[in-house]
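Enquirer: Need the 3D shape of this:
(chains A and B)
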Number of protein chains: 2
Amino acid sequence: MVKLIVDLMGGDNGYKATVEAINKFVSEHDDCEIVGVGDPAVLSDLSEKVRVIPSSTIAPMKCTVMQAMRDKESSVYKAVSNVNVENADGVVSAGSTGAFLSLCTLILKKIEGISRPALTTPFPTKKDNYVILCDIGASVENNAHELCQFAKMGQAYASALYGIEKPTYQLISNGVEEGKGTPELIEAYSLMKADPQFKGYVEGRHVVDGESDVVVFPGFVGNVFLKTSEGIGKMCGEMIKEGFTKNIFTKIGYLFAKSGMKDFKKKMDYKRYGGAMLIGVNKIAVKSHGNADARTFYNAVNLAYNLAKNDLVGKVKESLK
Amino acid sequence: MVKLIVDLMGGDNGYKATVEAINKFVSEHDDCEIVGVGDPAVLSDLSEKVRVIPSSTIAPMKCTVMQAMRDKESSVYKAVSNVNVENADGVVSAGSTGAFLSLCTLILKKIEGISRPALTTPFPTKKDNYVILCDIGASVENNAHELCQFAKMGQAYASALYGIEKPTYQLISNGVEEGKGTPELIEAYSLMKADPQFKGYVEGRHVVDGESDVVVFPGFVGNVFLKTSEGIGKMCGEMIKEGFTKNIFTKIGYLFAKSGMKDFKKKMDYKRYGGAMLIGVNKIAVKSHGNADARTFYNAVNLAYNLAKNDLVGKVKESLK
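Expert: Next up, the predicted model:
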């Protein structure tokens, strides 16, 4: 039985999106106990299967770490701090990323031996599979040792989520030849080189080729990579839409081409992935998108459930041995 | 009268692409003297307006700086080293980027006061204008002082290429709030803050919004940004193509939607920009794409011509005062 604590109040769409998602989730999963955190006064539609821990405030999306730590009545604080109290497997929130990540690190604590937890997400590739990006912004700068740990954590994630036995990984750089990159990347490359699972450097343009299961990034660079992809993907989508609405002929074209375009939209739709996982702490911690709708939040809870069931935390610990 | 030295041999498509491009260029421009560098034995189709400096070897695409410096008979070495000899305004090559950048820095020398030259390119935005990216990979890591100089060089470029009087600029980061980013970015932000042309941090996803004329990047990050955009844009194009070839109906749809899709393709077509400019050396130095066809190479030469005519080098010197 998996047990998850869920912040029902965080996120731009508030309890309406989360309650709909949780009701659907519990109706489909008999082997997962959900404990919700939120204001009982607004949660009348919540399934009776879900116990509620009351909270009275909501941490603002742009709150500082200090604010997040101080307001012990906020839904995100109560959600994270009850993981150990309730002996749960993990926590899910769509609230402030900064607050969630720091609370998880401070309260759930880093796995022994991990220098820095990493934020991780699956990313679509041309091959119809996903590549795990690690780190996409829990850190800013990372040394070679941390980059090697990111590789291990990403591998544990790929193994827990997709059942891949020996996940391969690449390291982002500005060229594929050894000696390229920042001093930290060059050092990480030399440490990874002997590992048969390491497939060398990868340039930004080839991450989507899906040549490895994991791509390792220093946090700042991973953040730029992910946001750039999002911006370009969105621009492409908008331009295609513009192209189709240009005149009566292009509009007719759309009617015919619709099914093909749906596949494109589906792939570029980041909401399908539900959220990002903070990996390297002692519990499952999934941060859903701030503007998550019910479907996205459902996917985030489902991600947490799958990672808990497949013992991601145990796999990370194992990889450090 | 502008005078440019052109490496006719570098690039994957060799002299065939460059000769076609140069013939078209000289037929259209009476106020630009082109001196070509190449093997006279293969240049029989070259316009008579173009004088040829003979070269006997071609630097390999993946050559090291040492190799590039040693082979003084290569077309790229002869092109760069003849800029001062010929008292030319600049040089264009589609050959090895590493060789070209280091030869330009070593032979043409940095403008007095510039710490690091920057590689710069226009990048398409949603607004149908271009944003100047600076640096996209001449450096790897950059300190705050260098980032401030990149801003000035990018502004000089925007002013020379688009005639913008007071170009605005943003600094890449992982969030827009002051205090975000690496220590170097935080310091650069504090140095830029008082400048009315500085519009703050920009995240990867918003570079394409075109909210400023220039975006400043540490070289490694700019390189990842550009290559990521290229990879995602290419994937989008391929997926759209797939969508249209799915079945008979989507194929009919394409016939109707064709004109709209052409606009999309045109925007995503990086070859239109011709090449990247190494800014911060004492002459115009344009590096065309390694796989440049005649049209791309023409655009690269045209870019060099426009930047020389509008005195980019003088504008950079002016901005340092």
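
Enquirer: Tell me the buried residues in the worst-scoring helix or strand of chain A on mean pLDDT?
Expert: Within chain A, confidence by mean pLDDT, DSSP states H and E is lowest for helix A:248-268 among all helices and strands, at a mean of 74. Residues A:T250, A:I252, A:G253, A:Y254, A:F256, A:A257, A:G260, A:M261, A:F264, A:K267, A:M268 are the ones in helix A:248-268 that count as buried (16 or more other CB atoms under 10 Å in any protein chain shown). Using the backbone N, CA and C atoms, a C-beta is placed for each residue, glycine as well.

Enquirer: Quick check: the farthest pair among those?
Expert: The largest separation in the buried residues of helix A:248-268, counting by CB to CB, is between A:I252 and A:K267 at 24.6 Å.

Enquirer: Could you find the closest non-adjacent residue to A:D311?
Expert: A:A160 (6.8 Å; CB to CB, 6 or more residues apart in numbering or on different chains).

Enquirer: Give me the buried positions along whichever helix or strand the one you found is part of.
Expert: Using DSSP states H and E, A:A160 falls within helix A:144-162. Within helix A:144-162, the residues scored as buried using 16+ other CB under 10 Å are A:144, A:146-161.

Enquirer: From the contact counts, what lies against it?
Expert: Here helix A:144-162 touches strand A:118-124, strand A:130-134, strand A:169-172, helix A:183-192, strand A:214-216, strand A:275-279, helix A:294-309, helix A:312-319, going by 3 or more CB pairs under 8 Å, 6 or more residues apart in numbering or on different chains; DSSP states H and E.

Enquirer: what about the closest residue to A:F198 other than its chain neighbours, neighbour count?
Expert: Leaving aside its chain neighbours, A:F198 sits nearest to A:M192 (4.2 Å; criterion: CB to CB, 6+ apart). By other CB atoms under 10 Å in any protein chain shown, the residues close to A:M192 number 21.

Enquirer: Domains of chain A: list them as residue ranges, please.
Expert: Taking automatic domain parsing as the criterion, chain A consists of the domains A:1-111+A:280-321, A:115-279.

Enquirer: Arrange those in a markdown table, one row each, with distance to B:F225 as further columns.
Expert: Output for these, formatted as a markdown table (distance: least, CB to CB, whole Å):
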| stretch | distance to B:F225 |
| --- | --- |
| domain A:1-111+A:280-321 | 21 |
| domain A:115-279 | 5 |
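
Enquirer: Lowest average pLDDT across those?
Expert: When the domains of chain A are compared on mean pLDDT, domain A:115-279 scores lowest, with a mean of 90.

Enquirer: Give me the contacts around stretch A:171-187.
Expert: With contacts defined as CB atoms under 8 Å, 6 or more residues apart in numbering or on different chains, stretch A:171-187 is touched by A:141-144, A:147, A:151, A:188-189, A:192-193, A:198, A:200-204, A:207, A:215-218, A:221-222, A:225, B:62, B:137, B:140-141, B:219-220, B:223-224, B:227.

Enquirer: Export only the CA atoms of that stretch, formatted as CSV.
Expert: Extracted in CSV, the C-alpha atoms of stretch A:171-187 (Å, rounded to 0.1, in the frame of the first residue of the first chain):
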residue,chain,number,x,y,z
LEU,A,171,26.4,14.9,-20.1
ILE,A,172,25.3,18.2,-21.7
SER,A,173,28.1,20.2,-23.3
ASN,A,174,29.0,22.7,-26.1
GLY,A,175,30.5,20.0,-28.3
VAL,A,176,31.0,16.2,-28.2
GLU,A,177,34.8,16.0,-28.1
GLU,A,178,36.5,15.3,-24.8
GLY,A,179,37.9,18.5,-23.4
LYS,A,180,34.9,20.6,-24.4
GLY,A,181,32.8,22.3,-21.7
THR,A,182,33.3,24.1,-18.4
PRO,A,183,36.0,22.9,-16.0
GLU,A,184,33.3,21.1,-14.0
LEU,A,185,32.0,19.3,-17.0
ILE,A,186,35.5,18.3,-18.1
GLU,A,187,36.2,16.9,-14.7
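
Enquirer: what comes up buried for that stretch?
Expert: Result for stretch A:171-187 [16+ other CB under 10 Å]: buried residues A:L171, A:I172, A:S173, A:N174, A:G175, A:K180, A:G181, A:T182, A:E184, A:L185, A:I186, A:E187.

Enquirer: for stretch A:100-108, same thing?
Expert: Going by neighbour count (16+ other CB under 10 Å), the buried part of stretch A:100-108 is A:F100, A:L101, A:S102, A:L103, A:C104, A:T105, A:I107, A:L108.

Enquirer: Give me the subset of these lying in helices.
Expert: Judged by DSSP state H, the buried residues of stretch A:100-108 include A:F100, A:L101, A:S102, A:L103 as members of helices.

Enquirer: Can you tell me which of these is nearest chain B?
Expert: Set against chain B, the nearest of those by CB to the nearest CB is A:L101 (12.7 Å).

Enquirer: The closest one contacts A:L278, correct?
Expert: Yes - the criterion here is CB atoms under 8 Å, and A:L101 meets it with A:L278 at 5.8 Å.

Enquirer: shared neighbours of the two, anything?
Expert: A:P117, A:L119, A:A138, A:K287.

Enquirer: Neighbour count and distance to A:D39 added to those residues, as TSV?
Expert: Listed next are the shared contacts of A:L101 and A:L278 as TSV, based on neighbours: other CB atoms under 10 Å in any protein chain shown; distance: CB to CB, whole Å:
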residue	neighbour count	distance to A:D39
A:P117	26	29
A:L119	25	28
A:A138	27	29
A:K287	28	21
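
Enquirer: what's the farthest-apart pair in those residues?
Expert: Longest distance between any two of the shared contacts of A:L101 and A:L278 is 11.6 Å, between A:P117 and A:K287; criterion CB to CB.

Enquirer: Please identify every residue contacting each of those two.
Expert: In contact with both A:P117 and A:K287: A:L101, A:L278, using CB under 8 Å, 6+ apart.

Enquirer: nearest to chain B, of the buried residues of stretch A:171-187?
Expert: Using CB to the nearest CB, the shortest approach to chain B within the buried residues of stretch A:171-187 belongs to A:N174, at 4.2 Å.

Enquirer: Can I take it that the closest one is in a helix?
Expert: No - judged by DSSP: H, G, I helix; E, B strand; the rest coil, A:N174 forms no part of a helix; its state is coil.

Enquirer: Spatially nearest residue to it, not counting backbone neighbours?
Expert: B:N223 (4.2 Å).

Enquirer: was I right about that neighbour contacting B:C134?
Expert: No - using CB under 8 Å, B:N223 is not in contact with B:C134; the gap is 11.9 Å.

Enquirer: Looking at these two, which one has more neighbours?
Expert: The residue with more neighbours, out of B:N223 and B:C134, is B:C134; 32 against 26, by other CB under 10 Å.

Enquirer: ok, that one to B:P167 distance?
Expert: 11 Å (CB to CB, to the nearest Å).

Enquirer: Mutual contacts of those two, please.
Expert: Common neighbours of B:C134 and B:P167, using CB under 8 Å, 6+ apart, are B:G154, B:V214.

Enquirer: Could you find the closest non-adjacent residue to A:K315?
Expert: Per CB to CB, 6+ apart, closest to A:K315 is A:A156, 3.9 Å.

Enquirer: A:F256 now?
Expert: Looking at A:F256 with CB to CB, 6+ apart, the closest residue is B:G253, at 3.0 Å.
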